[in-house]
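> Curious how this folds, go ahead:
(2 chains)
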Number of protein chains: 2
Amino acid sequence: MNVSIAFAGSRIDRADHVRADPERLSGLINPRARLLRMNGLSPVVSTEGSLEWGTLAEAADDADLVFLGLDGECACFAQVPTSLGGDPGPASREMRSAMAMLGESDLATFGGARSLCDWHARHRFCARCGSETKIGKGGWQRTCVSESCGAQHFPRVDPVTIMLVEHEGRVLLGRQPRFPKGFYSALAGFVEPGESLEEAVMRETLEEAGVRVRDVEYVASQPWPFPSSLMIGCFAHADDPGIVVDETELEDARWFERADVVEALEAEERGGPGRAFTAPPAYAIAHLLMKSWVGRG
Amino acid sequence: MNVSIAFAGSRIDRADHVRADPERLSGLINPRARLLRMNGLSPVVSTEGSLEWGTLAEAADDADLVFLGLDGECACFAQVPTSLGGDPGPASREMRSAMAMLGESDLATFGGARSLCDWHARHRFCARCGSETKIGKGGWQRTCVSESCGAQHFPRVDPVTIMLVEHEGRVLLGRQPRFPKGFYSALAGFVEPGESLEEAVMRETLEEAGVRVRDVEYVASQPWPFPSSLMIGCFAHADDPGIVVDETELEDARWFERADVVEALEAEERGGPGRAFTAPPAYAIAHLLMKSWVGRG
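Numbers count the residues shown, from 1 in each chain, chains lettered A, B, ... in the order given. Sure thing, here's the model as predicted:
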């Protein structure tokens, strides 16, 4: 699909040949290099609505620096926070407000930096032997410091299927208990080892809503930095509309008419609640899936 | 696409509701339960070409057991090997021979079990704090034993794009130095944090072969248990055929005519080398991509 996807479309060139070239990389750590200003794992947004950048002079002496890539001739870095409280969570209110302000490229640059910094901050030790790890390849690897182990670890990306299931002109949407009142979205779940994307869509829909689907069709994908998912958006078709909600996952799941989806998307774009339900915001791939689905009708 | 994909299509029901129910789970650890026989991370294949299963009596007393799911009423488990030498590698000769013998469901069951066991064997420690971790949720989680940390870790699935790029009726294929003589395949690379699937296809093709592509189109996906990839197969289009090979990744990359691809696929199916090049085997998604591409022509 030829549409803008939030968190994709950074203009920064990842310049991966630089990562494996220690000489070239250290040459880029110079006064012209830029350091992404972050507040923990949230962006610092200028009054003009752009990401704020400083110089490497602002980084701590012993900071782990991640090489984000080149913006023209200029090397861009982010600094890994020294401590993060608790487990990774969904987007904070601060984060959501930044998401509404930043342009496409800035949001994508920030999302990638956030996922990498989060991963480094939570991977200071070797999962294989328990020794410390040190950053390598400009932040695209960590290596165990133990000579007898030396395991290499790489930033993680978790594929997640998110699916709009259709039955006779209606779509299946669900709500998690943590969602705001009236909010419904597409069902979603992590792809597990040993299954294809299509099998993950079928399994998740059956698990969460008791609905069997066929004809899974890929629509679009989106990097989602909370902490590091790759959302893979699909359509699918159900022959039987019977729903059995898995109450450990969802509070409710139901079929919505096309007209209700159209109204909810329009209401969301005006910033208000929908009549039948409140739709996900434009930066979520679920919104794009719904829009694409009503556009087909 | 409605074709059989190697490593997908297990008949075992993952029964994820059981994982989070310790009482139900321990009730399934009984004399009727089955244990997948493995030789390290390779399958044990019966003379009839099926996976071999034993009972839980064959498991070590202190073994980490992974709950694979239910085959009818029968609970299926795999045992995590206590030690694995070295880093995860590509498919061994032993593994490739098993891949040629096993049926669709068995191969998929084995692939999922292999990915999970490999992950557990290499994640005995907490990446956040370095303490030990213990298996949980029937093998679908590990939890840090340190009370001050308690981080939860989940099996990893690494999305990889694999793409067949077309320019004026020819396709771009490349060969890695480790490939057998004459063997060419589709270009491929890991999706990185902060990029969509489509951006990963564009970046990898540009990095590895210097070729810019547009119109990325999803074709099919495949779980690939070496150690735990999700291969995402795509087509893409190039306007300019100029190639600049990244010699740190590839030994060669070139455009092949449709007739050469047809011949190479036929030769591979007869078990021999192709005239212009040798094609990937039928269990690889690259083979399916090529077959699908020539079918469109």
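
> buried set for the helix or strand bottoming out on mean pLDDT in chain A?
Using mean pLDDT, DSSP states H and E, helix A:93-101 stands out as the lowest-scoring helix or strand of chain A, at a mean of 85. Buried positions in helix A:93-101, judged by neighbour count with 16 or more other CB atoms under 10 Å in any protein chain shown: A:95, A:98-99. All C-beta atoms are positioned from the backbone trio N, CA, C, and that covers glycine.

> The helix or strand hosting A:Arg214 packs against which elements?
For A:Arg214, the host element (DSSP states H and E) is strand A:213-224. Other elements packing on strand A:213-224 under the criterion 3 or more CB pairs under 8 Å, 6 or more residues apart in numbering or on different chains; DSSP states H and E are helix A:104-121, strand A:158-167, helix A:197-209, strand A:229-238, helix A:285-296.

> do that again at 6 Å, thanks
Contact here means 3 or more CB pairs under 6 Å, 6 or more residues apart in numbering or on different chains; DSSP states H and E; on that basis strand A:213-224 packs against helix A:197-209, strand A:229-238.

> can you state the direction angle for it and helix A:104-121?
90 degrees (axes from the mean of the first three to the mean of the last three CA atoms, to 10 degrees).

> Quick check: the residue of the stretch 1-150 of chain A nearest chain B.
A:Gly112 (2.1 Å; CB to the nearest CB).

> low-confidence ranges in the stretch 51-200 of chain A?
A:85 (pLDDT under 70).

> Contact residues of it facing chain B?
Proximity of the stretch 51-200 of chain A to chain B is confined to A:111-112, A:115-116, A:122-123, A:125, A:127-128, A:130, A:155-157, A:159, A:191, A:193-197, A:199 under the rule CB under 6 Å from any CB of the partner chain.

> Any of those buried? List them.
Judged by 16+ other CB under 10 Å, buried ones among these: A:111-112, A:115-116, A:122-123, A:125, A:127-128, A:130, A:155-157, A:159, A:191, A:193-197, A:199.

> Redo the helices and strands packed on strand A:213-224 as TSV? Include distance to A:Val44.
Putting these into TSV (distance: least, CB to CB, whole Å) gives the following:
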stretch	distance to A:Val44
helix A:197-209	36
strand A:229-238	24
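
> what separates the least confident helix or strand of chain A from the chain centre, distance-wise?
14 Å (CA atoms, centre = their mean, to the nearest Å).

> Grab the most central residue of chain A for me.
A:Trp224 (0.7 Å; CA atoms, centre = their mean).

> contacting residues for it?
A:Trp224 makes contact with A:Met231, according to CB atoms under 6 Å, 6 or more residues apart in numbering or on different chains.

> Tell me how far it lies from B:Val216.
From A:Trp224 across to B:Val216, the span is 19 Å (CB to CB, to the nearest Å).

> Kindly report the same for A:Pro273.
From A:Pro273 to B:Val216 the distance is 36 Å (CB to CB).

> Compare those two and say which one has the larger neighbour count.
B:Val216 (21 against 15; other CB atoms under 10 Å in any protein chain shown).

> Spatially, which residue comes closest to that one, not counting chain neighbours?
Distance criterion CB to CB, 6 or more residues apart in numbering or on different chains; nearest residue to B:Val216, sequence neighbours excluded, is B:Glu198 at 4.3 Å.

> Could you do A:Ser131 as well?
A:Ser146 (3.9 Å).

> For stretch A:49-56, which outside residues touch it?
Contacts of stretch A:49-56 (CB under 6 Å, 6+ apart): A:33-35, A:37, A:43-44, A:46, A:101, A:106, A:110.

> Which residue, neighbours along the chain excluded, lies closest to A:His120?
What sits nearest to A:His120 in space, not counting adjacent residues and going by CB to CB, 6+ apart, is A:Val80, at 4.2 Å.
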